[in-house]
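J.: Provide a 3D model corresponding to the input given below.
(chains A, B, C and D)
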Amino acid sequence: MIKVLFFAVLRERLGTSEVAVEDFHGSTVADLIQHLEQRSLKWHQELASQDVLAAVNQQLVSHTYVIEAGDEVAFFPPVTGG
Amino acid sequence: MIKVLFFAVLRERLGTSEVAVEDFHGSTVADLIQHLEQRSLKWHQELASQDVLAAVNQQLVSHTYVIEAGDEVAFFPPVTGG
Amino acid sequence: MQNVKIHVYEANFDVGEEYRYLADDAKFGAVVTFTGLVRELQSGKLTAMTLEHYPAMTEKALAAIVSEAQERWPLGRVTVIHRVGRLTLNEQIVFVGVASAHRNAAFAAAEFIMDFLKTRAPFWKKEHTNDGDYWVTAKTSDEQAAQRWQANKDALDNEG
Amino acid sequence: MQNVKIHVYEANFDVGEEYRYLADDAKFGAVVTFTGLVRELQSGKLTAMTLEHYPAMTEKALAAIVSEAQERWPLGRVTVIHRVGRLTLNEQIVFVGVASAHRNAAFAAAEFIMDFLKTRAPFWKKEHTNDGDYWVTAKTSDEQAAQRWQANKDALDNEG
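T.: Next up, the predicted model:
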């Protein structure tokens, strides 16, 4: 199982801060995004953006990063702190 | 008359913080240095250094700057504040 | 990490107190601080903002940025404080302070940490205005500011 | 000069207080401060130093440096404080603080002011050590630090 988190405008637009995805280890972040996009037109629109950043186990990763079972994956827009 | 000031190590080595020089307007800072160097071997040694900085009326100037009557000229080593 | 203080919380901070901590190590004669504050928009309509973050990741991301700065410059104490939650106009948001024996290292490291905090640390601002609430979008200029450090590093690596 | 505070005196200064003054102008969201302190030499023999200056010139020279910074970057309040007289180990020597709407301008202006203060403002340090008193000699690295701003300016002028 993989825990998937959403933050900021992405969290608001998807209407959820967390989903669980079964049997997804061994695939890339890009594969996970494609899988989530199939949930609805809205999910497709929000996640297809070039701008979505990904972190795995609290580290920024590229979309080619390979996910392992038990990983915590997070998706969020470009950061705007400071 | 021109007022000539010395600061820091130059003041200490020359043993004076101020001298007055008569009839020197219209000449350059370099001319004034040459004039002062004639006072003694010690003055020659201290003022002949490439490192001596000059200010006229409290503004840093190059040694080609032309001095006017009534100017305040100051000589000092490279600055080390901060 | 030794000599590194990283805090992410709602409470305010006191710049004078943070400075005293940074300066209280006799080996380092240069202390640089940066403080960022909530300011009115050009429209004059901003009333407050809310800072959201990714709690499990935030301190890790800040520690990685500080660690990278320590590899680049010889540093003494380093402090990074970032507030979260609702902040009203003129409140302090962020503090970065760096001590070093060399002033140019202290300046460079503080600016480096801010540039990477702005582009790599998981914080998001939502502005509350008289016209409604808006998520702030990332600035290209912030990404460019972070990228020039990579260019600097490439140049240095090539020299070596 | 408006929004510019320049002080040269023997008294100490309080970084927290100086920060509050710089931050107390709602138009500028970025505040950078630099503080320099008297530190022990590597030999461990330094006990104090004496700062001499050229009183009639000092504030003029600092004002000219700040004015040049204001021409280069959009700045809010700017404060420069330099102490003179005898200062013992770990005392504060110099403070430069800059407010701006842009953090990179605040960092650049503060560093610019320090680099030119170090090479153009008439201050001289004499170190008092267990082995005797020594005038500090100027560092080539300080002159190089000041000169790179001229190189930056030439590059910008050529672009324009």
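J.: which residues sit in contact with C:Tyr134?
T.: C:Tyr134 sits next to C:126-127 when contact means Cβ atoms under 8 Å, 6 or more residues apart in numbering or on different chains. Every C-beta, even on glycine, is put in place using the N, C-alpha and C of the backbone.
J.: For the residue nearest to C:Asp25 when sequence neighbours are not counted, which residues are in contact?
T.: Counting by Cβ to Cβ, 6 or more residues apart in numbering or on different chains, the nearest residue to C:Asp25 once its immediate chain neighbours are dropped is C:Gly76, at 5.3 Å. Listed by Cβ under 8 Å, 6+ apart, the contact partners of C:Gly76 are C:3, C:22, C:25, C:27-28, C:98-101.
J.: For the residue in chain C that chain A sits nearest to, give me its contacts.
T.: Across chain C, the shortest distance to chain A (Cβ to the nearest Cβ) belongs to C:Phe123, at 2.4 Å. If a contact means Cβ under 8 Å, 6+ apart, then C:Phe123 has A:79-82, C:51-53, C:58, C:82, C:84, C:117 as its contacts.
J.: pLDDT weak spots in the chain?
T.: If you meant another chain, say so; for now it's chain A. By pLDDT under 70, chain A contains no weakly predicted segment.
J.: was after chain C, sorry
T.: By pLDDT under 70, the weakly predicted segments of chain C are C:155-160.
J.: What residues does it have near chain A?
T.: Proximity of chain C to chain A, by Cβ under 8 Å from any Cβ of the partner chain, involves residues C:36, C:51-54, C:56-57, C:60-61, C:82, C:93-94, C:114, C:117-126, C:135-138, C:142-143.
J.: hmm, 6 Å instead?
T.: Taking Cβ under 6 Å from any Cβ of the partner chain as the test, the list of chain C residues beside chain A reads C:36, C:52, C:54, C:56-57, C:60, C:94, C:117-118, C:121-125, C:135-136, C:138.
J.: returning to that earlier point: tell me the SS of the closest residue to the residue of chain C closest to chain A other than its chain neighbours?
T.: Nearest residue to C:Phe123, sequence neighbours excluded (Cβ to Cβ, 6+ apart): A:Gly81, at 2.4 Å. For A:Gly81, the secondary structure call by DSSP: H, G, I helix; E, B strand; the rest coil comes out as coil.
J.: Run a quick neighbour tally on A:Gly81.
T.: Residues lying near A:Gly81 (other Cβ atoms under 10 Å in any protein chain shown) number 26.
J.: A:Phe75 in helix, strand or coil?
T.: Classification of A:Phe75 using three-state DSSP returns strand.
J.: hey, where'd the helices end up in chain A?
T.: Remark: helices assigned in chain A by DSSP state H are A:8-14, A:29-37, A:41-47.
J.: Show residues contacting the second one.
T.: What that stands for is helix A:29-37. With Cβ atoms under 6 Å, 6 or more residues apart in numbering or on different chains as the contact definition, helix A:29-37 has outside contacts at A:43-44, A:47, A:54, A:63, A:65.
J.: Strand partners (parallel or antiparallel) of the helix or strand containing C:His128?
T.: Assignment of secondary structure by DSSP states H and E places C:His128 within strand C:123-129. Taking DSSP bridges as the criterion, strand C:123-129 pairs within the sheet with strand C:46-53 (antiparallel), strand C:132-135 (antiparallel).
J.: now that strand: how far from the chain's centre is it?
T.: For strand C:123-129, the separation from the chain centroid amounts to 17 Å (computed by Cα atoms, centre = their mean, to the nearest Å).
J.: Can I get that strand in CSV? Just the C-alpha atoms.
T.: Listed in CSV are the C-alpha atoms of strand C:123-129, where the atom choice follows Å, rounded to 0.1, in the frame of the first residue of the first chain:
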residue,chain,number,x,y,z
PHE,C,123,5.4,25.9,2.4
TRP,C,124,2.4,27.4,0.6
LYS,C,125,0.9,30.9,1.1
LYS,C,126,-2.8,31.7,0.7
GLU,C,127,-3.5,35.4,0.7
HIS,C,128,-6.7,36.7,2.4
THR,C,129,-7.8,39.9,0.7
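J.: so how far is the host helix or strand of C:Ala110 from its chain's centroid?
T.: Here C:Ala110 sits within helix C:103-120, counting by DSSP H and E. Relative to the chain's own centre, helix C:103-120 is displaced by 7 Å; criterion: Cα atoms, centre = their mean.
J.: Centroid-nearest residue for chain C?
T.: Central residue check for chain C by Cα atoms, centre = their mean: the C-alpha nearest the mean position is that of C:Met114, 3.8 Å away.
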